[in-house]
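>>> model this:
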Amino acid sequence: MDKQQLLEYLKGEMIVSCQALPGEALYKEEGGVMCLMAQAVKNAGVKAIRAQGVLDIKQIKEQTDLPVIGIIKKSYDGYASYITATMDEVDKLVEVNSDIIALDCTNRERGDGKTPSEFVKEIKEKYPNILLMADISTLEEAVEAEKAGVDFVGTTMNGYTPYTEDSKEFNPSLVKEIVENVKIPVIAEGKIHTPQQAKQAFEAGAHCIVVGGAITRPQEIATRFLSELR
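The predicted structure is shown next:
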């Protein structure tokens, strides 16, 4: 699909994030788990996946043939962000044919001294046809990311940066505010735990939404249940 086809394909849809990191029960070095999770949500009618790591992305695309928003989580000294932080991760995500590459575009420290906008421009110069999703935490970051040339902005990081840490619940007002101030599609992501919150995201004008932990992280789901019961 070209960019316009993908935009139309994703409009009004729920993307499911299928991720497992080292140390988690569903993580296997040889993979084979997240692709089954992706197949399960595809069977339910989900049209796209967000996934972490080259192996999982490759296996998910082979298993489901669905479009994938690809990320690589890797920590570097001097970097506050760890979602697709350097060009090395971008290169790897391009190699496995990620349909969209998501990266942290919050205004936090980068070890290379570049701003998120400078990094986006560098990626676009190297890969002019790649679609980029900016994971942001504030309206200001969304506006900056659009100016830099990203194709989507997502509210992924709201509540996960030092200056938004008071945002403990999904914030549809932020989605609405961003929709009103940028022209590119807005993806609602982060802390969407219920169908009601998903509906709120679309009512706020989201182009599409990403749901992760509420569907694909059993430990997180069980913890939420136990927390309420206790």
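>>> Output the below-cut-off pLDDT ranges for this structure.
Judged by pLDDT under 70, the chain has no weakly predicted residues.
>>> Now tell me what touches the helix or strand harbouring Glu228 from outside.
Glu228 belongs to helix 218-229 when assigned by DSSP states H and E. For helix 218-229, contacts defined as CB atoms under 8 Å, 6 or more residues apart in numbering pick out 24-26, 193, 213-214. For every residue, glycine as well, the C-beta is placed using N, CA and C.
>>> Check stretch 53-64 too.
18-20, 30-32, 34-36, 38-39, 42, 49, 51, 66, 68, 70, 72-73, 92-93, 95-98.
>>> Likewise for stretch 189-198?
So stretch 189-198 is contacted by 14, 17, 50, 135, 154-160, 168-172, 201, 209-214, 224 (CB under 8 Å, 6+ apart).
>>> redo that, cut-off 7 Å
Residues outside stretch 189-198 that contact it (CB atoms under 7 Å, 6 or more residues apart in numbering): 14, 154-156, 158-159, 169-170, 201, 209-211, 214.
>>> Next: stretch 126-139.
Contacts of stretch 126-139 (CB under 7 Å, 6+ apart): 3, 69, 83, 94, 99-106, 120, 123, 142, 145, 150-158, 160-161, 164, 174, 177-178, 181, 187.
>>> What remains of these if I keep only buried residues?
By neighbour count, with 16 or more other CB atoms under 10 Å, the contacts of stretch 126-139 hold 69, 83, 94, 99-106, 120, 123, 142, 145, 150-158, 160-161, 164, 174, 177-178, 187 as buried.
>>> Met87: how many residues sit nearby?
By the measure other CB atoms under 10 Å, the count of residues near Met87 is 14.
>>> Identify the residues contacting it.
Applying CB under 7 Å, 6+ apart to Met87 gives the contacts Glu122.
>>> Out of the buried ones among the contacts of stretch 126-139, list just those in strands.
In strands, judged by DSSP state E, the following of the buried ones among the contacts of stretch 126-139 are found: 69, 100-104, 152-154, 187.
>>> hang on, the earlier thing: just the buried members of the contacts of stretch 53-64?
Judged by 16+ other CB under 10 Å, buried ones among the contacts of stretch 53-64: 18-20, 31, 34-35, 38-39, 42, 49, 51, 66, 68, 70, 72-73, 92-93, 96, 98.
>>> and Ala44, how far is that from Ile215?
Distance, Ala44 to Ile215, using CB to CB, to the nearest Å: 9 Å.
>>> Among those two, which residue is more densely surrounded?
Taking other CB under 10 Å, Ala44 and Ile215 do not tie; Ile215 has more neighbours (19 against 10).
>>> you'd agree the more buried one is up against Val16?
Yes: judged on CB atoms under 7 Å, Ile215 makes contact with Val16 at a distance of 5.6 Å.
>>> Need the residues touching each of those two.
Shared contacts of Ile215 and Val16 (CB under 7 Å, 6+ apart): Val41.
>>> so Val120 touches Lys147, yeah?
No: Val120 is beyond contact range of Lys147, at 9.3 Å (criterion: CB under 7 Å).
>>> you'd agree Ala214 is in a helix?
Yes: applying DSSP: H, G, I helix; E, B strand; the rest coil, one finds Ala214 inside a helix.
>>> Contacts only, for it.
Counting by CB under 7 Å, 6+ apart, Ala214 touches 192-193, 221.
>>> same check, this time on Leu6
Leu6 makes contact with 67, 99, according to CB under 7 Å, 6+ apart.
>>> Count the residues that sit near the closest residue to Glu109 other than its chain neighbours.
With CB to CB, 6 or more residues apart in numbering as the criterion, Glu109 has its nearest non-adjacent residue at 4.6 Å, and that residue is Ala80. Per other CB under 10 Å, the neighbour tally for Ala80 reads 16.
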